[in-house]
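Engineer: give me coordinates for this.
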Amino acid sequence: MINIIKPGYLKEAQCPKCGAVLSYDENEDVQKDFSKELSKFSSEFFNRMYLYITCPQCDNKIILKEDK
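Structural biologist: I've put the predicted structure just below:
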């Protein structure tokens, strides 16, 4: 019988800036940040959360998921 010792969380992404194909662990390499955006319906700002990794070749932030 095959047993899972550690569940796998490896993913792949391609950097849109330099074209590097990257492999990353979503539990270790993914970072969270916030950006301030102006609301479409009022003149107030709100924080939008996004998850990203940083390309080791060109230091570009690669957005994986945005909170909409």
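Engineer: for Cys15, what are its contacts?
Structural biologist: Val21, Leu22, Cys55, Gln57, Cys58, Asn60, Ile62 (Cβ atoms under 8 Å, 6 or more residues apart in numbering). C-betas here are computed from N, CA, C, even on glycine.
Engineer: now render those as TSV, adding pLDDT, secondary structure and distance to Lys36.
Structural biologist: Putting these into TSV (pLDDT from 0 to 100; DSSP: H, G, I helix; E, B strand; the rest coil; distance: Cβ to Cβ, whole Å) gives the following:
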residue	pLDDT	secondary structure	distance to Lys36
Val21	95	strand	32
Leu22	95	strand	28
Cys55	96	coil	24
Gln57	95	coil	29
Cys58	97	coil	25
Asn60	97	coil	21
Ile62	96	strand	21
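Engineer: out of those residues, which is nearest to Asn3?
Structural biologist: Leu22 (29.2 Å; Cβ to Cβ).
Engineer: and that closest one, how many neighbours?
Structural biologist: 16 (other Cβ atoms under 10 Å).
Engineer: might one say that it is in contact with Glu12?
Structural biologist: Yes. Assessed by Cβ atoms under 8 Å, Leu22 is found in contact with Glu12 at 6.7 Å.
Engineer: okay, and the common contacts of the two?
Structural biologist: By Cβ under 8 Å, 6+ apart, no residue touches both Leu22 and Glu12.
Engineer: which parts of the protein are strands?
Structural biologist: Here the chain has its strands, by DSSP state E, at 10-14, 21-25, 31-38, 45-54, 61-66.
Engineer: what does stretch 53-62 rub up against?
Structural biologist: Counting by Cβ under 8 Å, 6+ apart, 13, 15-18, 20, 22, 24, 29-31, 52, 64 sit against stretch 53-62.
Engineer: mind putting those in JSON lines, distance to Phe45 included?
Structural biologist: Below are these laid out as JSON lines (distance: Cβ to Cβ, whole Å):
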{"residue": "Ala13", "distance to Phe45": "29"}
{"residue": "Cys15", "distance to Phe45": "29"}
{"residue": "Pro16", "distance to Phe45": "27"}
{"residue": "Lys17", "distance to Phe45": "28"}
{"residue": "Cys18", "distance to Phe45": "32"}
{"residue": "Ala20", "distance to Phe45": "34"}
{"residue": "Leu22", "distance to Phe45": "32"}
{"residue": "Tyr24", "distance to Phe45": "31"}
{"residue": "Asp29", "distance to Phe45": "29"}
{"residue": "Val30", "distance to Phe45": "25"}
{"residue": "Gln31", "distance to Phe45": "22"}
{"residue": "Tyr52", "distance to Phe45": "20"}
{"residue": "Leu64", "distance to Phe45": "23"}
